[in-house]
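Asks: have a look; sequence and predicted model below, questions after that.
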2 protein chains.
Amino acid sequence: MNKEYKLAIVGATGLVGRTVLKVLEEEKLPISTYKLFASSKSAGTKIKFMGTDYIVNELTENSFDEHFDFAIFSAGGDTSKKFSPIASSKSCIVIDNSSAFRMDPSVPLVVPEVNSEKIKENKGIISNPNCSTIQAVVALKPLDDKYKIKRIVYSTYQAVSGAGKKGIDDLNNGLKGLSPTKFPYPIINNCLPHIDVFLDNGYTKEEEKMINETRKILGKPNLKVTATTVRVPVENSHSESINIEFENSFELDEVIETLKKSPGIIVQDDVMNNIYPLATNATGHNEVFVGRIRRDFSVENGINIWVVADNIRKGAAANAVQILEKLL
Amino acid sequence: MNKEYKLAIVGATGLVGRTVLKVLEEEKLPISTYKLFASSKSAGTKIKFMGTDYIVNELTENSFDEHFDFAIFSAGGDTSKKFSPIASSKSCIVIDNSSAFRMDPSVPLVVPEVNSEKIKENKGIISNPNCSTIQAVVALKPLDDKYKIKRIVYSTYQAVSGAGKKGIDDLNNGLKGLSPTKFPYPIINNCLPHIDVFLDNGYTKEEEKMINETRKILGKPNLKVTATTVRVPVENSHSESINIEFENSFELDEVIETLKKSPGIIVQDDVMNNIYPLATNATGHNEVFVGRIRRDFSVENGINIWVVADNIRKGAAANAVQILEKLL
């Protein structure tokens, strides 16, 4: 690890971008040079990072003329679609937080605890999965390895921070009686069964992402998965009710032990003492919290679990930095 | 309908009791005399009802020495266990909102749209089901009649009003930074996968209620059902993500038409125009709102639906008054 690397952080002023910076400060990677980029609107912003004031640069088609070893993109699909190929054409490996390339068969879709071996197959772009999928597959992978997952039913309880700063504003302004600007209806006192746009088959794009990305990351293209994704009036950290059917039989104790021994997971499951995962406890952590682990008596080999994680950290920023660490 | 009846309202000062009064005002039933009861703590409270000031009486063992034709109990399980048998022993038919007698095989558990024929089998007590179960079975019954339900996976998004006034206080006080007194953790910015007490098998009593009461009301004692019940920071109206597997095949259009034609249901399902059930829209209504009706591609004959209802009205008070109407 003698070489020191150059990293571009694209979308540095957004909610995920700022958390990328925070996680980078915590992780202390062998990177000698950082450069922060954003749209023309946010360029010029001063950000304190690693004890220094950084001025955010405008992202342009020439930004990658200067050589970077790596770039983390957190600026939305359109920016990724336009600028990631430019960066990767100049030997900069892009870790992309947008959905732009996730389902591209030539692009690895990586959660380090689950399929870090895919990183080396990259052709210049590595996709970071959707936040709600990342936390789910961290819990599902060790169980799939051991018991072979047959079917998954997801119901999510997703925080407003998943919709960026505007989502948080809708929650806070809603408390003051103001109308929403990001969500189609007030998020105060509502659970909105509507994340991302609706598709012709009645599912939302978020639901489709969970279904397709789960299959791709677990390497099971025909896995039976369905999903209902819901925005709830919670500021940060997604919760998920996951119903799982296995091909193999299991002992519940063994399921719990398997989860406890698996990377990136903290099991919080002592219900008699009211111990179970909670959004407010997950916020600020990079791990995935799993609890309410219990047999589903309605199928032969089923369980229900409750999975909570910081959607901005593990669901986006921390996962991207973990991919970067593996690349280094 | 010449006879005019006498009705006792027990637990008249609580959240459900007050809503019972509101629904009675709306329904204008042939009742000549109302008498309001509560615990010694609340006795003496003055309540405006039907344009008159009523003084709430203390509920005692002698309260039913005066003859009542009917009583609606909304004062919790202990009160029901003690006083319902006294009332029914004096030929007063009790409609009980508590869980005390729900699973008693000799007590009908009634949702009028679903199994009103059970009312006549009563031996003095009729149980009102759990709020989260009522709204679910209103949507499930017509589908079970037509396609035969094989399995149900429930994930709920339950409002704090389900925990009474103290639940609402926890939400409102939490916004001011105060600690919760009803819930074990702050409900602000959290989804608590914990409603009612935990059982030895890892389920909560609320989850067990949904499973057992669904079976009893649908008259399918071996129906495969599992549930995860979750308290969310919403003041009123429960939302539910319900995954259903049928024995028979179906056309989705026909499922939607069936729901539209069924009693007590309002279908709100036009996702391209952002039309789907929402808690804030359901509040104040006695109907069950159903939307996000779509095929579950992970099983042969499956659908996902999103079901929302006012848990204090249809989930308790209105359902009880509807049972009373059928009795009259």
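Replies: Yep, it's here.
Asks: residue in the stretch 1-150 of chain A nearest to chain B?
Replies: Closest to chain B within the stretch 1-150 of chain A is residue A:150: 9.5 Å, counting by Cβ to the nearest Cβ. The C-beta positions use only the backbone N, C-alpha and C, and glycine is treated the same way.
Asks: quick check: that residue is in a helix.
Replies: No. Counting by DSSP: H, G, I helix; E, B strand; the rest coil, residue A:150 falls outside a helix, being strand.
Asks: do a quick rundown of the helices in chain A.
Replies: Along chain A, counting by DSSP state H, helices occupy A:15-27, A:77-89, A:112-115, A:131-147, A:165-175, A:205-218, A:252-261, A:279-282, A:318-327.
Asks: distance to chain B and mean pLDDT added to these, as JSON lines?
Replies: Below are those laid out as JSON lines (distance: least, Cβ to the nearest Cβ, whole Å; pLDDT from 0 to 100):
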{"stretch": "helix A:15-27", "distance to chain B": "16", "mean pLDDT": "96"}
{"stretch": "helix A:77-89", "distance to chain B": "21", "mean pLDDT": "96"}
{"stretch": "helix A:112-115", "distance to chain B": "20", "mean pLDDT": "97"}
{"stretch": "helix A:131-147", "distance to chain B": "14", "mean pLDDT": "98"}
{"stretch": "helix A:165-175", "distance to chain B": "7", "mean pLDDT": "96"}
{"stretch": "helix A:205-218", "distance to chain B": "8", "mean pLDDT": "98"}
{"stretch": "helix A:252-261", "distance to chain B": "8", "mean pLDDT": "98"}
{"stretch": "helix A:279-282", "distance to chain B": "5", "mean pLDDT": "98"}
{"stretch": "helix A:318-327", "distance to chain B": "20", "mean pLDDT": "96"}
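Asks: the domain parsing of chain A - what is it?
Replies: Domain assignment for chain A by automatic domain parsing gives A:5-128+A:316-327, A:132-311.
Asks: which of those is buried the deepest?
Replies: domain A:132-311 (a mean of 21; mean count of other Cβ atoms under 10 Å in any protein chain shown).
Asks: contact partners for residue A:27?
Replies: Contacts for residue A:27 (Cβ atoms under 8 Å, 6 or more residues apart in numbering or on different chains) come out as A:321, A:325.
Asks: hang on, the earlier thing: need the helices of chain A in CSV with distance to residue B:63, can you?
Replies: Output for the helices of chain A, formatted as CSV (distance: least, Cβ to Cβ, whole Å):
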stretch, distance to residue B:63
helix A:15-27, 59
helix A:77-89, 66
helix A:112-115, 62
helix A:131-147, 53
helix A:165-175, 43
helix A:205-218, 53
helix A:252-261, 48
helix A:279-282, 45
helix A:318-327, 61
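Asks: closest to residue B:42 out of the ones you listed?
Replies: Nearest of the helices of chain A to residue B:42, taken as Cβ to Cβ: helix A:165-175 at 31.3 Å.
Asks: got the angle between that closest one and helix B:165-175?
Replies: 120 degrees (axes from the mean of the first three to the mean of the last three Cα atoms, to 10 degrees).
Asks: re the thing from before, want to try CSV for the domains of chain A, with distance to residue B:77 as columns?
Replies: What follows is the domains of chain A, written out as CSV (distance: least, Cβ to Cβ, whole Å):
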stretch, distance to residue B:77
domain A:5-128+A:316-327, 45
domain A:132-311, 21
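Asks: for residue B:283, which of those domains is the nearest?
Replies: Nearest to residue B:283, of all these, is domain A:132-311, at 8.2 Å by Cβ to Cβ.
Asks: got a list of what the residue in the stretch 51-200 of chain A positioned nearest to chain B touches?
Replies: The stretch 51-200 of chain A approaches chain B most closely through residue A:155 (3.5 Å), counting by Cβ to the nearest Cβ. Taking Cβ under 8 Å, 6+ apart, we find residue A:155 in contact with A:227, A:228, A:230, A:240, A:241, B:155, B:228, B:241, B:243.
Asks: for residue A:135, which non-adjacent residue is spatially closest?
Replies: In space, and not counting its chain neighbours, residue A:135 is closest to residue A:309: 3.7 Å by Cβ to Cβ, 6 or more residues apart in numbering or on different chains.
Asks: need the contact list for the residue nearest to residue A:234 when sequence neighbours are not counted.
Replies: Leaving aside its sequence neighbours, residue A:234 sits nearest to residue A:159 (Cβ to Cβ, 6+ apart; 4.6 Å). The contact partners of residue A:159, taken as Cβ under 8 Å, 6+ apart, are A:232, A:234, A:235, A:236, A:237, A:238, A:279, A:311.
Asks: doesn't residue B:234 make contact with the second one?
Replies: Meaning residue A:234. No. With contact defined as Cβ atoms under 8 Å, residue A:234 does not count as touching residue B:234 (10.5 Å).
Asks: for residue A:233, what are its contacts?
Replies: Contacts for residue A:233 (Cβ under 8 Å, 6+ apart) come out as A:160, A:171, A:174, A:187, A:188, A:189, A:190, A:191, B:232, B:233, B:234.
Asks: these: which two are farthest apart?
Replies: A:174 and B:232 (14.8 Å).
Asks: before we move on, back to that, between the domains of chain A, which one is nearest to residue B:321?
Replies: Closest to residue B:321 of those, according to Cβ to Cβ: domain A:132-311, at 24.6 Å.
Asks: is it true that residue A:194 touches residue A:231?
Replies: Yes. Contact criterion Cβ under 8 Å: residue A:194 and residue A:231 qualify, at 7.0 Å.
Asks: quick revisit: ok, the residue nearest to residue A:135 - contacts?
Replies: By Cβ under 8 Å, 6+ apart, the contact set of residue A:309 is A:134, A:135, A:138, A:237, A:238, A:282, A:285, A:287, A:288, A:289, A:315.
Asks: cool, and residue A:268?
Replies: With Cβ under 8 Å, 6+ apart, residue A:268 has these contacts: A:275, A:276, A:277, A:281, A:289, A:290, A:291.
Asks: swap in 7 Å and give it another go.
Replies: A:275, A:276, A:277, A:289, A:291 (Cβ atoms under 7 Å, 6 or more residues apart in numbering or on different chains).
Asks: wait, the second one touches residue B:194, no?
Replies: Yes. Counting by Cβ atoms under 7 Å, residue A:276 does reach residue B:194; the two are 6.4 Å apart.
Asks: distance of residue A:276 from residue A:294?
Replies: According to Cβ to Cβ, to the nearest Å, residue A:276 stands 11 Å off from residue A:294.
Asks: ditto for residue A:284
Replies: Distance from residue A:284 to residue A:294, by Cβ to Cβ: 27 Å.
Asks: could you list the low-pLDDT ranges of chain A?
Replies: Applying pLDDT under 70 to chain A flags residues A:1-3.
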